[in-house]
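Novice: Sharing a model prediction with you, sequence too.
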Amino acid sequence: KLKTGWNKTIVTSAVEETPFLRKRYGSISEKRESRDNPYMYSCKIKIRDDNKTTVESVMSDFRTALRDRGVVVSVGAASVSYSVDSTVTGVSGDLGPGESYIFVDVLPRAAGKGKAQAYAQQLLGFSPETTIVCGDSGNDASMFGGTERGIMVGNAK
């Protein structure tokens, strides 16, 4: 199911080479963490000082760029990091002090934590009423849409 409608090469090209995305967000490149995953493209978008960069606007822009290339995917904000206190290493370009970012995940339509949770519940015979989900960021939001009990951990963004 993950392969249906998914082509990581096209996704990468659409995100990194679409002129209007480059104009709005500058150079976009895949995070190292997702390069070896054939079913995920992740990147970071620097939040501009003009207050026009919102999670909603970034998600909409990404969906438009991908749809224009004929790719129907799931786009979500993995997390938002506001005013990083110090340099954080381990992601493309690292994160500098005082900078704010939106981390974006692009996944096949059939992928995502909420869908994986539903599949595991069905496989194991657990009802939503007997399930507890936990999360701390935007990529966990799809798990909180049902009747399951939800826990947002203390460092949730």
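Specialist: Done, it's in. Numbering: from 1, shown residues only.

Novice: C-alpha from now on. contacts and neighbour counts both.
Specialist: Fine.

Novice: distance between the ends of stretch 24-38?
Specialist: Stretch 24-38 has an end-to-end distance of 27 Å (criterion: C-alpha to C-alpha, to the nearest Å).

Novice: Outside of that stretch itself, list whatever touches it.
Specialist: Residues outside stretch 24-38 that contact it (C-alpha atoms under 8 Å, 6 or more residues apart in numbering): 8, 12, 15-16, 22, 40-46, 90-92.

Novice: Give me the buried entries from the residues you listed.
Specialist: 8, 12, 15-16, 40-46 (16 or more other C-alpha atoms under 10 Å).

Novice: The residue nearest the centre of the chain is in what secondary structure piece?
Specialist: Centroid-nearest residue in the chain, with C-alpha atoms, centre = their mean: Asp105, separated by 2.4 Å. Asp105 belongs to strand 101-108 when assigned by DSSP states H and E.

Novice: Now, the buried ones among the contacts of stretch 24-38 that are in strands?
Specialist: Residues of the buried ones among the contacts of stretch 24-38 located in strands (DSSP state E): 41-46.

Novice: which among those gets closest to Leu66?
Specialist: Leu66 has its nearest neighbour among those in Tyr41, at 12.1 Å by C-alpha to C-alpha.

Novice: thinking Phe62 is in contact with Val73, fair?
Specialist: No: between Phe62 and Val73 there is no contact under C-alpha atoms under 8 Å: 9.9 Å.

Novice: of the contacts of stretch 24-38, closest to Ser100?
Specialist: Among these, Lys46 lies closest to Ser100 (C-alpha to C-alpha), at 5.9 Å.

Novice: The closest one: what's its closest spatial neighbour, skipping adjacent residues?
Specialist: Tyr101 (4.4 Å; C-alpha to C-alpha, 6 or more residues apart in numbering).

Novice: And that neighbour, what's its pLDDT?
Specialist: pLDDT recorded at Tyr101 is 79.

Novice: Any chance of CSV for the buried ones among the contacts of stretch 24-38, columns pLDDT and distance to Met152?
Specialist: Written out in CSV, the entries for the buried ones among the contacts of stretch 24-38 read as follows (pLDDT from 0 to 100; distance: C-alpha to C-alpha, whole Å):
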residue, pLDDT, distance to Met152
Lys8, 88, 31
Thr12, 91, 31
Val15, 90, 30
Glu16, 92, 32
Met40, 87, 24
Tyr41, 88, 25
Ser42, 88, 23
Cys43, 89, 24
Lys44, 86, 23
Ile45, 85, 24
Lys46, 81, 25
